[in-house]
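# I would like to see how this sequence folds:
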Amino acid sequence: MALITNINGETKEIDCLSCAIISGEVENSGTILRTKHFDVHQDYEIPITGFIILSSVRHLKSVDEFTDEEKAEFMDTLTSIRKAIREALDIQIVYLIQEEDTSAHFHIWLFPRYDWMLEKFGRKIQSVRPIMEYARENMKTEENLNNINIAVKKLKDHLIQK
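Here you go, the predicted model:
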């Protein structure tokens, strides 16, 4: 069991975060898209607008475990959500990060890069963790959480229109 805290400061004990999000065990108002094989949502714990997680529905750790159907759906979903981030949120730079040792569900981060991040933390991949900690400690404001909700709605609407 793990104790998680969402971007609203609510804590819950769960076995698997991805399973809890997909099943509805944890309320996630940041869900953007759910396909047969993948779930796309605003990061559950880090309050950065446009920090999107694309997670497999089934337990697997790596792309080499995808079925042929999952491979095709993954690429379509990844490119669609990245395009939506660019067009709906005007985020021009995104880091795609995938770690195989962090979860029972394959997931890839679409981590947006804003000017404030570059000015305060730099451009290197090593800056991502300090940015996440900064956001966790300083960005749980009502205004920022509202901006995140607006961004989630924009992404949903954009994907529906396409």
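# how about low-confidence regions in this structure?
Across the chain, residues meeting the criterion (pLDDT under 70) sit at 17, 27-29, 103, 162.
# packing partners of the helix ranked longest in it?
Across the chain, the longest stretch assigned as helix under DSSP state H is helix 68-89. Helix 68-89 sits against strand 31-34, strand 38-42, strand 52-56, strand 94-97, strand 107-112, helix 142-161, with contacts defined as 3 or more CB pairs under 8 Å, 6 or more residues apart in numbering; DSSP states H and E. Placement of C-beta: from N, CA and C, glycine included.
# from the chain's centroid, how far away is it?
Here helix 68-89 is found 13 Å from its chain centre; the criterion is CA atoms, centre = their mean, to the nearest Å.
# ok, now stretch 106-119?
For stretch 106-119, the distance to the chain centre is 10 Å (CA atoms, centre = their mean).
# just the CA trace of it, in CSV.
Once non-C-alpha atoms are left out, stretch 106-119 reads as follows in CSV (Å, rounded to 0.1, in the frame of the first residue of the first chain):
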residue,chain,number,x,y,z
PHE,A,106,3.8,1.7,-18.3
HIS,A,107,3.5,5.5,-18.4
ILE,A,108,5.1,8.4,-20.2
TRP,A,109,5.2,11.9,-18.9
LEU,A,110,4.5,14.8,-21.2
PHE,A,111,6.3,17.4,-19.1
PRO,A,112,5.7,21.0,-20.3
ARG,A,113,8.5,23.5,-20.2
TYR,A,114,7.6,27.1,-19.3
ASP,A,115,9.8,30.2,-19.3
TRP,A,116,9.7,30.3,-15.5
MET,A,117,11.2,26.8,-15.4
LEU,A,118,14.0,27.7,-17.7
GLU,A,119,14.8,30.9,-15.9
